[in-house]
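Asker: quick one: sequence plus predicted model below, questions after.
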Amino acid sequence: MEGTEMLVSYEEFRKVVLKVATIKEVKAHPKADRLWVLTIDTGAAVRTIVAGIRAFYAPEQLVGRQIVLVDNLAPAEIRGVKSEGMLLAASDEAGIAILSPDRAVEEGSLVK
């Protein structure tokens, strides 16, 4: 099995809370050319996250889009901007692809 050196137990994985959020606003990061600062709505709160997807998505491709969010990730300061979560994306030789539900769902819906 690929990646077996980093196996996590089922109990550890259960600690990760994945929810659907909607991107409401996109701004350029003031100190990084590769980062967007996203304002997202989780249904329970409006938050800011920083995402390294600027080379792959224009703001108009992101506003209104639903994403899968790691909801309970500890906040992190990313080049001077507080990020309160992380969006999930796949990466291959063609670039980055944001993970989204295949239909609109209520903000805050759990990803299982």
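Answerer: Yep, that arrived.

Asker: who does residue 83 form a beta bridge with?
Answerer: Beta-bridge pairing of residue 83 under DSSP bridges involves residue 76.

Asker: wait, it touches residue 48, no?
Answerer: Yes. Here residue 83 reaches residue 48: they are 6.7 Å apart, a contact under Cβ atoms under 8 Å. From N, CA and C alone the C-beta is placed, and that goes for glycine too.

Asker: out of these two, which sits in the more crowded spot?
Answerer: residue 83 (20 against 16; other Cβ atoms under 10 Å).

Asker: how about the more buried one, what does it touch?
Answerer: Residues near residue 83 by Cβ atoms under 8 Å, 6 or more residues apart in numbering: 48, 49, 50, 75, 76, 77.

Asker: with respect to residue 31, which of those residues is nearest?
Answerer: residue 50 (10.4 Å; Cβ to Cβ).

Asker: quickly list what the closest one is bridged to.
Answerer: Beta-bridge partners for residue 50, by DSSP bridges, are residue 37.

Asker: what about residue 37, how many residues nearby?
Answerer: Neighbours around residue 37, by other Cβ under 10 Å: 21.
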